[in-house]
Structure formats: structure tokens, C-alpha cells
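Q: When you get a sec, could you give me coordinates for this:
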Amino acid sequence: MAVSVLQLVELALHGAAFLCGIVCASALTVAQGEFGGWCILYGTVSWNGTALVPKSFSHISLCYFVSAVSVVVALYCFSSLLYGIYSCCTNESQWDRTWLSITLVVAFIILFFLLIAACILRVGMDALCTSIMQTKSLSSCQDAEHKPWVSYSPTRFYSNLYSAQASAWVNMFLWCLLTTRLLVQRRREGPLPLLRHNDPEWSAETEAIFGGRPIQP
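A: Numbering: from 1, shown residues only. Have a look, this model is predicted:
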């Protein structure tokens, strides 16, 4: 059983992307749990003199969307990882032209949704931190973890949101590498060559359709 370096690299990328998806979804879910299940992204906060007061939250479906994208991509990566290991063990060819084209389309779709999810996390977290900093009671957004909150006790919300955001961007970078790998493989396959009259395949095809040449007496 011979396993190429490219196959090992591809397995490692799928494994790393799977972990990033799980970390992103888990960290965002924990951050939601600290605010009673509400989505704190794009939220606004005020200071009442003794504690931070959440004034508004985003719709909960926004965080669910980011988590769903991360989980679905993680499951796809896990399936691809298992299939890659199976292909290495059985020494089967992992790609044919049809499967390669389908996988390439799926990779572009995954990249599109990962970009949306990463941008939501980045912009949503920046909006939240801007609102916290405008209270003039903190020197940094992370300091809000050590301040009292009205009705909530978010002790690690900033760390969890930062982990979710970092995992999302790393995941997107990994999928850029995977997509590049697929594009190189697709280019290497090239178009199917056309049969010429002097090719053996051409003769076999024409004989099968029109019959063999008549026997000369």
C-alpha cells in the first residue's frame, strides 16, 4: 500500500478543517449559553454605573446559521477524511472526472458559506466590542469578562467569541488550500483526448458500429 505525500496532506487538511468547524460551533454555542441562549453578535451594551446592561441582541437565527455552517462543513470534512483513509487502505483511486467536478463545486459552495460565517463573526464581534468600549468604563473589550452584568454572568464570552472567529478564518484558509488542490488535480486531468482515425480505439469503435472490414478474396 503506497500512500503519496499529497494524500497525507489532504487527509491532514480535512482533519484540521473538521476540528476547526467543531471548535467554532462549540465556542459560539458556549458564548450564547452565557447570555441565556441569546445571540450577542451585533448586540449593544450600556453601563448603569455598577454593571453592564445588555440593551439589545441579534436574532437567534444569526448564531444558529454560523453554528450550522460550521457543523455541516465539519461533518463533510469528517466524511471526506474517512473516505480518504479508506482509499489509502484499499489503494483505490480517489478521483474520477465526474466525482472531481462535483467535489470542486461543493468546495466553492463551502468556501462561500464559510466566508459569510467568518464575516458575520468578525463584524458582529466588532460591533459588540464597540458598544462595550463606548460605555467609557473599560479599557478593552476583554475586560468586560471581569465586570458584573445585569441578569447574566458571562465570564468567558470574549474568549469564546474570539476562538469561534479565529477557527472560522482558519477553516476558510484550510478550504482555500483544499480547493487549490482540487483545481490543480482538475487541471492535471485535462480534457478527454479526441480519437483520431489512426488510433486503435477509433478502429475498435468503428468496427463495433459498422462491422469489420470485408475479407478480401
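
Q: buried stuff in the lengthiest strand in the chain?
A: Counting residues, the longest strand found in the chain (DSSP state E) is strand 39-47. Using 16 or more other CB atoms under 10 Å as the test for burial, strand 39-47 gives 39-46. C-beta: built from backbone N, CA, C; applies to glycine.

Q: what do you get for stretch 135-147?
A: For stretch 135-147, a neighbour-count test (16+ other CB under 10 Å) marks 137-138, 141, 144-145 as buried.

Q: again with stretch 67-81
A: Buried residues in stretch 67-81, counted by 16+ other CB under 10 Å: 67, 69-71, 73-74, 76-78, 80-81.

Q: how far away is the closest residue to residue 11 other than its chain neighbours from residue 7?
A: Nearest residue to residue 11, sequence neighbours excluded (CB to CB, 6 or more residues apart in numbering): residue 84, at 4.9 Å. Distance, residue 84 to residue 7, using CB to CB, to the nearest Å: 7 Å.

Q: Compare those two and say which is more crowded by neighbours.
A: For residue 84 versus residue 7, neighbours defined as other CB atoms under 10 Å are more numerous around residue 84 (20 against 15).

Q: so what's that one up against?
A: 7, 10-11, 14, 94 (CB atoms under 8 Å, 6 or more residues apart in numbering).

Q: still on that earlier bit, looking at the buried residues of stretch 67-81, which are in strands?
A: Per DSSP E, these never map to strands.

Q: got a list of what the residue lying closest to residue 156 once chain neighbours are set aside touches?
A: Among residues not flanking residue 156 along the chain, residue 145 sits closest, at 6.1 Å (CB to CB, 6+ apart). Residues counted as contacts of residue 145 (CB under 8 Å, 6+ apart) are 154-159.

Q: So residue 136 belongs to a strand, correct?
A: No: assessed with DSSP: H, G, I helix; E, B strand; the rest coil, residue 136 is coil; it does not lie in a strand.

Q: Enumerate every residue touching it.
A: Neighbour list for residue 136: residue 47 [criterion: CB under 8 Å, 6+ apart].

Q: what pLDDT does the closest residue to residue 125 other than its chain neighbours get?
A: Excluding its sequence neighbours, the residue lying closest to residue 125 (CB to CB, 6+ apart) is residue 161, at 5.0 Å. For residue 161, the pLDDT comes out at 95.
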